[in-house]
Every structure is written in structure tokens, then in C-alpha cells.
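Participant: Next one to model:
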Amino acid sequence: MEHSTVDLVDVLSFVRVVETGSFARAAERMGLSKPVLSRRVARLEEGLGARLLTRTARGAKATDIGQTYYARASGVLAELEAAREVVAEAVTQIAGPIRLTAPISFGIAHLNAALVEFVAQHPQVELDIDLSDANVDLTEGGYDLAVRIGTLADSSLIARRIAPVRKVVIGSPSYLDRKGRPKAVADLADHDILLYSGETWRFGNGRDWETPRIRAVMRTNNGDMLREAAEAGLGLCLLPSFIAAPGIESGALEPLILDREPAHGALHAVMPPGRATTARVRALVDFLVARFGPEPSWDPCWLARNEA
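Facilitator: Residues are numbered from 1 along each chain as shown. Model (predicted):
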């Protein structure tokens, strides 16, 4: 048997009449006119197929079946109000679980320390962290937040820019002494290249872009492995500065100044629409923006090579 859909405002109208004992007082409490409230109660009774209220000269009183319905309906409405309060608390308090995903290299090198500091400031937050270079579905995976690098394809997500992600071509001094130091993008064709799987190298000035002819001697989907291979003298690689910076600062790697800059990206906080409203997620995003932006601490080594 099909059941008609019950309008919760109709139910609330009935509950308020029982509580106040009067259509007039119930209407005043709800901010409705008495005729509108009366029609709502009548519609509820019609939909249920039962008389819930007995109208009297002094007001209204629940019938026996109406009293039974009132006991159940008022409990449901109380549960809904409690649920609303839970949501309101979640929206205003920095507490509760945050499920997030981030790239492996960035997560280990920089995000881990930042999250430790964030939890120290907000001890009622519970983090569930998934480090992965895969572009996972945030909604399907139940994620509140993703830290992502590069182009954002899904326009249904809410994104906030955290910091620039600049790239740099690097090689070990031993390799460069042996194979020479490229000065132009075209010179890369003469070198052994360590390539991030699926990546295309692009260089330009913001308007015109050049894709060099390169010969990959190694491919991997992990930036740290590329950096270690470059430090070992296996070839040149193009890496985000947050991965390359430690090797450059130690002297194990040398940044190469070419005639054009590598294409750059940005670090973003990405959220499904419903998750972006919670106080804990907003607080974490604000924290990451302040921690890493607008100019990240790992970039002086990269900037120095361009300002020299």
C-alpha cells in the first residue's frame, strides 16, 4: 500500500496545537495565521485517515489516536531538533574527525609536521590521513579535504589556493660535469632524463610554450625516487621545488637555469561542497594557507637561481 508523504510542518502544527491546547495559540507560536494552521492540521488528518483533534469551544484536545500519534510525533521532532543541534555544534566547534588525502612526497616532507602542529592547537580534532598520489574521488571515499597539486578538473568541488608549486630542472654536479650543463630547453635532448610517469615537460614564458624532445632512462611515479636517482648521477629530472630544495641546499643537486621556465602549478585545498562548511575543516584550511602561503618556505633556493 502506498503512503502519502507527510509534511513535517503539518506534523509540527498538530504537535503545537496539542501542546498549547489552542489553534490560536499554536498559530501565534509558529508565526502562522489560524486558518493556515487549521488547514495544515486538516491535511495531516486527511492524509492519515484519522481524526487527531477534537475541536471544542475552549480550544482543541487530542483524540485517543491523536494522543498516541502525538507521543510518537513529538519524539521524532525532538530527535530532529537534537540532530540540528549536533550539526550546529559541528559547524561552530573545531572538534571531530577530518578525513584527508594528500600526495605522498608532500605529505611526508611538509604536511606531516603541519598537521602535528594543528592537532596540538586543536586537541579535539581526529585526523584520518591517506597519503596517495592517486586522484581519488573525494565524495565516494568519504574525504573531507584533499591537498592537491596541479590542475583541478572537477568544478563541483570547492578549492582554495594554498601556495604556488614551482618546478626546477636539477642534476648532480658529477652528472653535469660529465654530460655538460644545458642552457636552453633544446639542450635537454642531449641528456639522460628521469621522468615522472605520465608527465610532459613544458617550458615557456606564460604565452608561448615549448615541449622538448627528451629521452627517458627512468620512469617512476614517486618524486623522492627521482630526486635520489638524480643525486646518484643517473640523469636530469624536473621536480617541484618542495622535493628538490633539500638536495639543492645541501649541494647534492644543482638547479639549471634554462632559457625558459618550467610550467608551474599550485597547491590547493579541495573539499566536497558539504564538508567545506564545518568549522574543523575551515580551521585546517586556514591553518594550511597561513603555514605554507603565500610564498612557501622551501622556495628561496629556487628563487635565488632566478634572481642571480
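Participant: Mind pulling up the pLDDT for Leu152?
Facilitator: If you check Leu152, the pLDDT there is 67.
Participant: Ok, Ile94 next?
Facilitator: For Ile94, pLDDT reads 86.
Participant: Now do the SS call for it.
Facilitator: Each residue gets one of three states, and Ile94 gets coil by DSSP: H, G, I helix; E, B strand; the rest coil.
Participant: if I pick it, what's in contact with it?
Facilitator: By C-beta atoms under 8 Å, 6 or more residues apart in numbering, the contact set of Ile94 is His122, Gln124, Val125, Ala279, Arg280, Ala283. Just so you know, the C-beta spots here come from the backbone N, C-alpha and C atoms, and that holds for glycine as well.
Participant: what about burial for those, which qualify?
Facilitator: Neighbour-count burial (16 or more other C-beta atoms under 10 Å) applied to the contacts of Ile94 gives His122, Val125, Ala279, Arg280, Ala283.
Participant: how about TSV for those residues, with distance to Pro262 added?
Facilitator: Below are the buried ones among the contacts of Ile94 laid out as TSV (distance: C-beta to C-beta, whole Å):
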residue	distance to Pro262
His122	37
Val125	36
Ala279	38
Arg280	36
Ala283	34
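Participant: Just give me the least confident of these.
Facilitator: Within the set of the buried ones among the contacts of Ile94, pLDDT is lowest for Ala279 (85).
Participant: check contacts around it.
Facilitator: Ala279 makes contacts with Ala90, Val91, Thr92, Gln93, Ile94, as judged by C-beta under 8 Å, 6+ apart.
Participant: and of the residues you listed, the nearest to Pro262?
Facilitator: Using C-beta to C-beta, Ile94 is the member of the contacts of Ala279 that lies nearest Pro262, at 38.1 Å.
Participant: Quick check: phi and psi at that closest one.
Facilitator: Dihedral pair for Ile94: phi -90, psi 80, per degrees, to the nearest 10.
Participant: pLDDT value on the residue of the chain most remote from its centre, please?
Facilitator: Ranking residues of the chain by C-alpha distance from their mean position (C-alpha atoms, centre = their mean) puts Ala57 at the top, at 58.9 Å. Listed pLDDT for Ala57 reads 75.
Participant: Relative to Ile170, how far out is it?
Facilitator: Distance, Ala57 to Ile170, using C-beta to C-beta, to the nearest Å: 91 Å.
Participant: Report the contact partners of Ile162.
Facilitator: Ile162 makes contact with Val147, Ala266, Leu267, His268, Ala269, Leu288, Val289, Phe292, Gly293, according to C-beta under 8 Å, 6+ apart.
Participant: Name the SS class of it, please.
Facilitator: strand.
Participant: same thing with Leu195?
Facilitator: strand.
Participant: burial count for it?
Facilitator: The number of residues packed near Leu195 is 20, by other C-beta atoms under 10 Å.
Participant: Over to Val87?
Facilitator: Around Val87 there are 11 residues (other C-beta under 10 Å).
Participant: same thing with Arg99?
Facilitator: By other C-beta under 10 Å, 18 other residues sit near Arg99.
Participant: nearest residue to it other than its sequence neighbours?
Facilitator: Excluding the flanking residues, the one nearest Arg99 by C-beta to C-beta, 6 or more residues apart in numbering is Asp128, at 4.3 Å.
Participant: which one of the contacts of Ala279 has the most neighbours?
Facilitator: Ile94 (19 neighbours).
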